[in-house]
Structure formats: C-alpha cells, structure tokens
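Asks: Need the 3D shape of this:
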Amino acid sequence: MAYKQLTVLFSLCCLLAVSCSQQETTHTDFALGTVCSVTLFEEGKKSIYDEIFSRIREIEKLMSVNIADSDVSRINAAAGIEPVQVQEDTFKVIERAVYFAELSGGAFDPAIGPLVSLWDISGKPRVPSKEEISSVLPLVNWRNIELYARLKTVYLTQQGMALDLGGIAKGYAADETAKIIKSHNIQRAKIDLGGNIIMIGARHDNALWKVGIQDPGENRGALIGVLQIPEKTIVTSGVYERNFEKNGVFYHHLLSVTDGHPVKNGLLSVTIVANVSMDADALSTAVFVLGYEKGLSLLNSYKEAQAVFVFDNKNAIATSGVDFTPSKKKYSRQPEKNNNKN
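Replies: Coordinates of the predicted model:
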C-alpha cells in the first residue's frame, strides 16, 4: 500500500507534558509501511499491545497493494472482469473512500492506483512521459467503482484500473486501535501510526494535549507551531513526506488527477484536526489537492474538521476553531478567508 508517510520518522512531533509512572509504556513496531507507535499511560500490558498490533497487521493484509492476496490486490487483478467479495473492513474503507471522492469532486480518488504506480515515488521514482500519463488518466475515476453492500463485493469496471487506499487505510487502522484501547477502559493514550495521531482522554493535569506540526521546509522535528487539542485526531499531508528531485525539479507524491502531475498550488502542507482519523486522512489529501480556497469550502461541507494550512510564502493559516500557536517568526497566524463555519 502506498501510504502518505513512508518515512521512519514521525511527521508530527507530540509534545506531551505527562508525568512518568511505572504504568506508562510505549510499543513501537513497523507496520502499514511506516513506524507505528502506541503509548498507554496506564494498563500498558503486553497482551493489549499484542491485540493492537495484530489488528493493525490484519488491516494491512487486507488493504495493501504490496500483498498479492490482499483484498485490494484481488480487486485490482479482477478489474474489468468480475466483482470481488471482500472482508467487511475493506468494504467499509472503500465505501468511505468513495464518499470522500464524491464530496471532494474527485480531489481524493481511491482509484488513483495506476497513476501512483507510474510515478512510483515510494519505490524507484521517475518522471513519466506525457504519453504515459495520458494513457492512465482515464483509468483514474472513482465513479467506475461499483459497490454491492449486500454481498460485500467491489468491482472496477475497466481493465487497468487499480485501487490505492494509502490515503485512508492508515486512518482506519488508527481508529480501530483507539477502539481496542477504549474497550479496555484505558483513559489516556497516544496513537501515532506514522503521522496519523489520535490523542485519547486528557493529560494528567487535565490540560489540553500539545501537538507540534512539522515545518515542511526544515529537517524532521523542526516545528512551525503547536496545536492544543482535546481528544482528537491529527493528520498531515505535505510535500515533504515523499518526494524526489530530477534535473533540478522537485516532485512530491500528492498527485493531481486532472493533469497527473504533483499538485502545485502554493501549499506545502495541510494538517486536519477531526474526530475520526479515517476521515481526517482522506480530508488531508483532498484539501491539499484542492488548495486553500476550495479546501475551505470542502471543510465547510464536512463541518467536523478544522485545519492548519502552510504555504510556500512562509505563512501558516489556521481555521477559527483550532488553537494553533506559531513557533517561528517567519510564520504568521492569520485569520481564515471565506469560511463561514460556526
């Protein structure tokens, strides 16, 4: 699966002012193509961590394009041939992906697989020719994904089509991790699946959690500012996550389904703050691809998310409902425009 963050470093640094105790534990492992870290501030038992990471790997085995017998690989292999019956998890994620594809007018498109494979930014990156891009763009169309809820089948109507759930599956895994934690009545925890972050409960002093946002123009760990949040999820899409340079030109992994090239709209990153990590995952991509003005309109239609936009002119703009404090003078906290969200 081509996930948004494939680096072994986290795209967001959590600044957790928590007291250390004998109960606080962290388990870190590699899954979903990234480093996954879960911290339980109480009841950090091995059995709970085993349950969590078993669930994460179960989701990976269903939805990774890099696993030959995954549900997604079987769907792609049967494109234009026949519907494929899938597990409920897979169907649920694809159904939600199609929802956000429609909501965003295709800015987020789970059928982007052929275009992702062409650029291969996560593997051996290359700049495809104009002819190559033109040949695959007609295959990138979420409207040609047919879902049959009763049978839990998925059908790609054209041969050559391919799903890629890298922009949403990691968020689903984070949500499922949170469910397991809460099922054990654990009151405080941090989930970080390669940048898909969920903060559960409240800090030990009942203050808001503090979460840093990566500065897209600096080394990992350098922050542009800090969010203060209650129990929420935070997901960032940015040009620094996966990229390469060819003949002096910078290319990143956030691709436009209109022209097949990396998006150029003045944004360096978009951070989404929401209640559901799967939704925040899809929104972070869609809002980035749409750009600032249209991205705000999308957030208005969803209504349950806020955002921090970082621009290539060194400004950061946070929507009115999020508590964001810039940490560097070159970034400014500006009022949003054209957002009538309550």
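
Asks: How about residues contacting the helix or strand where residue 53 lies?
Replies: Assessed by DSSP states H and E, residue 53 sits inside helix 46-63. Contact with helix 46-63 is made by 1, 25, 27, 29, 31-32, 36, 38, 40, 67, 70-72, 86-87, 89-90, 93, 165, 169, 172-173, 176-177, 180-181, 184, 186, 193, as judged by C-beta atoms under 8 Å, 6 or more residues apart in numbering. Using the backbone N, CA and C atoms, a C-beta is placed for each residue, glycine as well.

Asks: And the helices in the stretch 51-200 of the chain?
Replies: Secondary structure of the stretch 51-200 of the chain (DSSP state H, counting those that start in this stretch): helices at 71-77, 88-103, 113-119, 130-136, 169-183.

Asks: Run through the bridge partners of residue 148.
Replies: residue 153 (DSSP bridges).

Asks: Contacts only, for it.
Replies: Counted by C-beta under 8 Å, 6+ apart, residue 148 has contacts 83, 154, 155.

Asks: Report the spatially closest residue to the residue most central in space within the chain, excluding sequence-adjacent ones.
Replies: In the chain, the centroid-proximal residue (C-alpha atoms, centre = their mean) is residue 281; its distance is 3.2 Å. Closest residue to residue 281 apart from its sequence neighbours, by C-beta to C-beta, 6 or more residues apart in numbering: residue 171 at 3.0 Å.

Asks: which residues are in contact with stretch 71-85?
Replies: Here stretch 71-85 has contacts from 1, 62-65, 67, 86-87, 90, 113, 146, 148, 151-165, using C-beta under 8 Å, 6+ apart.

Asks: Buried among those residues? Need that as a selection in ChimeraX.
Replies: Buried residues within those, by 16 or more other C-beta atoms under 10 Å, are selected in ChimeraX with:
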select :1,62,63,64,65,86,87,90,113,152,153,154,155,156,161,162,163,164,165
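
Asks: After the helix or strand bottoming out on mean pLDDT in the chain, which helix or strand is next?
Replies: Least confident helix or strand of the chain, by mean pLDDT, DSSP states H and E, is strand 12-14 with a mean of 40. Counting by DSSP H and E, the next helix or strand C-terminal to strand 12-14 is strand 25-31.

Asks: low-confidence ranges in the stretch 101-250 of the chain?
Replies: Scanning the stretch 101-250 of the chain with the threshold set as pLDDT under 70 gives 243.
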